[in-house]
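Novice: coords below, sequence missing:
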């Protein structure tokens, strides 16, 4: 039976009008309790709570159900993942409060409940007439929720009492409340509800002794109050907000330096230059990604980033002493270019997550406190307590941070779970996917249920709705081994002075319909992630590698952009159409290049490729003249063993004319579509912009060019492109590539956005010199392209729209997730290359050419092009004098020893190997071979070859 309760309140509008608001709240008396022993609810197949639960708790030996408080979910979520938990009641009050306070914990709780449906029961107490409570006048929302939780506990106990008549008292099921809130626990006990702290309950579970290690422990220390604080006290939230409003404080995102763990910066929205932070006190317990409040120092205390490379290389817990490190940073050489400098005075929002890494066991044989080293260098080491150190020291594990007291050098955390053995390839792959937040779970059944049944074929009805282009000579050109073929091309001569060019893109939107489970999963994943040895698909393989892939000699649905162009690549006409195509052939870049270059090949496809290539060269020339940039980043491909799948050789990816040919037509299609969807949807078009970098970003680039005698102009993308083209040295052919790599690092991140949220002047794509741009050509692997397909389909009346597609706020929220997923995907791909480089050197020591990327006070940072690998050659190590008498010149910058001077971009020879000194923390080691410097250089060594089976080639990216 439904009941209705109403809340009436008054709200004043901005214009001063008073509105009466009535909020209705429905209550019922027929909501099931979920207990198998209940004889009153008449529930059907929903019994989750056992009739006679067995307790393994020494604290509460009687049969019982557990009700968890909100603070347990917020602070002890890792504990709830254990199979130790059965007969758990999750109240709607707790779910709603968790959703408001922690999105991550809410998602995690939902996942736990979904996988443990037989152990967790959600009771909708907010809509049950006997458990709903009104908020009293003057009562806080938190106190009202605590009262609602206690009310539900009492109701359960009374409700089940009638069904347990006749049972012995010790066999009757009780309701136990777990809460960390002292006030709530005391009040529950007064009301006759058994209540315990979660930590004391977990420690009482005799069958699960290891579970207590997952507790987010307070790591309380009786001597903590007597210790000298190592860090300044954080300001109170109210004081921080007042400071921000007055302008005394600035709010921004904290970024820890990869090169020096005692340095960091805070990026503040609207400011070109980041705020520099130096030393433990200024960093003040911030962790990379935290949103912080920073106070600027007076200008006479501003400084510049130190020229020192510094890692926290402690192999054991050094205790709570930081003076030595502070002295090391203080003594570092300061540059002349001062930067706004500040100190963190408070944390506005923590961005803590779970971290992958390794354990450094305590030197004490019976010690339980150990140091955890995260895989991400920007994250500090974490102190944890565990009794499993002997086992965990050889494994990659996951740890979560709980707190960071003022008296502790490192944050305090707890062990979550083990991933697998250190060095195991599957384990290391899992680590990099988790570290970069790449969704890589199997597609759930709800998603797979959205896929078409097999065998599938295009219906005649569908053909009738589309333009039939199956008669055209269409082909695709992709990397070797590509199975998710997004795009294909065609070229034909309409007349001696007019050609027809077509770009045909897989019509993924035909299969992925809005608001389905498949659509939601694709939106969350955002992009396909290409690792060296595997691919994490955005959509299930049936679509990505089969029904959507434009395979040769198979009919496929496509979205086509067709132009009429002159021999000078002047566009005369553009049209868009949904189509049916049949690709004639799937070329690799090398195969297409051979067809173009071989005069004996005169078939239609070869002629088409030549026509496309000729036009593409004209189009590229036109783009470059407008200011488009041709930047560089080292790209490599691994050859792997057919038996072990481990890398056995590394090859630089060749760049052919056909690479550029495909790129030009994809760019043209993206620009044409961007113009069309913005014309029809000026408020909600999904576009992509590349912001102009602030001048401060170019400072390292300009300084590096100056050392080589080049004055580089960065006033515009066109002048930058001209400067890069002119910066050539015959005696150092790689120098120009190095400059382009440095220029790439000065760029801003290109981002997706909803057109209604940004002024049109800011649509500009700096790298492409395009006034407007989007992504249309890869919907199999990018969700942004799928959104663009839907917009374009509506614009040409080929499909219907839906509310979210036309809501600029909804579109922008999707874009924010896509920007995050795209960035994380790039990082994951780089980490995969680094992992396979690591595996490659497991049995090798090799001498390779390298180039100096930057010269620091105590190190040379070098790039080894063959492996796309960066490393540091330390000229000075901690606790020792310089290996040789080096003189550092920060103005040039350079390092000089005797008559040898090393500058940026200099070519050197290095020795690359795997440093296995510590099994738990193996890493790539780089040593100088040439030039020979006594006390620093090592002897050259012949390449150590390892006999392996014949390799096969894999695609490492797309």
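Specialist: Perfect, thanks for sending it. Quantities reported herein were computed from a predicted structural model and do not represent experimental measurements. Residues are numbered from 1 along each chain as shown.
Novice: Read off the pLDDT value for residue 40.
Specialist: Looking at residue 40, its pLDDT reads 81.
Novice: State the helix or strand in which it lies.
Specialist: For residue 40, there is no enclosing helix or strand under DSSP states H and E.
Novice: Count the neighbours of it for me.
Specialist: 12 (other Cβ atoms under 10 Å). Quick note: C-beta positions are derived from backbone N, CA and C, even for glycine.
Novice: Does it touch residue 162 like I think?
Specialist: Yes - distance between residue 40 and residue 162: 6.8 Å, which falls inside the contact criterion (Cβ atoms under 8 Å).
Novice: Wait, a helix at residue 739?
Specialist: Yes - judged by DSSP: H, G, I helix; E, B strand; the rest coil, residue 739 forms part of a helix.
Novice: Tell me which residues touch it, please.
Specialist: By Cβ atoms under 8 Å, 6 or more residues apart in numbering, residue 739 lies in contact with 701, 704-705, 708, 710, 712, 724, 727, 905.
Novice: and if you look at residue 670?
Specialist: When the contact criterion is Cβ under 8 Å, 6+ apart, the partners of residue 670 are 773-777.
Novice: Could you check how far the closest residue to residue 492 other than its chain neighbours is from residue 561?
Specialist: Once flanking residues are discounted, residue 492 sits nearest to residue 500: 5.1 Å by Cβ to Cβ, 6 or more residues apart in numbering. Between residue 500 and residue 561 the computed distance is 11 Å (Cβ to Cβ, to the nearest Å).
Novice: if you count what's nearby, which of those two comes out ahead?
Specialist: Taking residue 500 and residue 561 together and counting by other Cβ under 10 Å, residue 561 has the greater number of neighbours (23 against 16).
Novice: what about the helices in the stretch 351-500 of the chain?
Specialist: Ranges of helices within the stretch 351-500 of the chain are 389-392, 425-435, 445-448, 460-464, based on DSSP state H, counting those that start in this stretch.
Novice: Sticking with residue 824, tell me its helix or strand.
Specialist: In the assignment (DSSP H and E), residue 824 maps to helix 808-840.
Novice: try residue 587
Specialist: Using DSSP H and E, residue 587 falls in strand 571-588.
Novice: Now the element after that strand, going C-ward?
Specialist: Past strand 571-588, heading to the C-terminal end, the next element that is a helix or strand (DSSP H and E) is helix 589-597.
Novice: which outside residues touch that following helix?
Specialist: For helix 589-597, contacts defined as Cβ under 8 Å, 6+ apart pick out 475, 477-480, 587, 601, 605-606, 609-610, 613, 654, 656-659, 661-662.
Novice: So which of the residues you listed belong to strands?
Specialist: 475, 477-478, 587 (DSSP state E).
Novice: and the angle for the helix holding residue 824 with helix 425-435?
Specialist: 150 degrees (axes from the mean of the first three to the mean of the last three Cα atoms, to 10 degrees).
Novice: Name the residues of helix 808-840 that are buried.
Specialist: Buried residues in helix 808-840, defined by neighbour count with 16 or more other Cβ atoms under 10 Å: 808, 811-812, 814-815, 818-819, 821-822, 824-825, 827-829, 831-840.
Novice: hang on, the earlier thing: hmm, the residue nearest to residue 492 is touching residue 564, no?
Specialist: Yes - using Cβ under 8 Å as the test, residue 500 is close enough to residue 564 to be in contact (5.8 Å).
Novice: Next, show the common contact partners of these two.
Specialist: Taking Cβ under 8 Å, 6+ apart as the contact definition, residue 500 and residue 564 share the neighbouring residues residue 494.
Novice: Outline the domain layout of this protein.
Specialist: Residue ranges of the domains in the chain are recorded as 47-214, 237-312+336-349, 354-422, 446-685+771-824, 693-747, 843-930, according to the TED database.
Novice: what about stretch 361-380, how long is it end to end?
Specialist: According to Cα to Cα, to the nearest Å, stretch 361-380 extends 16 Å from its N-terminal end residue to its C-terminal end residue.
Novice: so what pLDDT did the nearest residue to residue 356 once chain neighbours are set aside get?
Specialist: Leaving out its chain neighbours, the residue that sits closest to residue 356 by Cβ to Cβ, 6+ apart is residue 431, at 4.4 Å. Residue 431 is assigned a pLDDT of 93 by the prediction.
Novice: quick one, what contacts residue 431?
Specialist: Shown here is residue 431, whose contacts under the criterion Cβ under 8 Å, 6+ apart are 356, 375, 396, 419.
Novice: Contacts only, for the third one.
Specialist: For residue 396, the contacting residues are 356-358, 375, 418-422, 427-428, 430-431, taking Cβ under 8 Å, 6+ apart as the criterion.
Novice: let's see 6 Å
Specialist: Counting by Cβ atoms under 6 Å, 6 or more residues apart in numbering, residue 396 touches 419, 422, 427, 431.
Novice: pLDDT value on the second one, please?
Specialist: This points to residue 422. pLDDT, residue 422: 88.
Novice: can you tell me how far it sits from residue 838?
Specialist: Counting by Cβ to Cβ, the gap from residue 422 to residue 838 is 11 Å.
Novice: what's the answer for the last one, then?
Specialist: When distance is defined by Cβ to Cβ, residue 431 is 12 Å away from residue 838.
Novice: count of residues packed around residue 689?
Specialist: Neighbour count for residue 689, taken as other Cβ under 10 Å: 21.
Novice: Fine, thanks again, bye for now.
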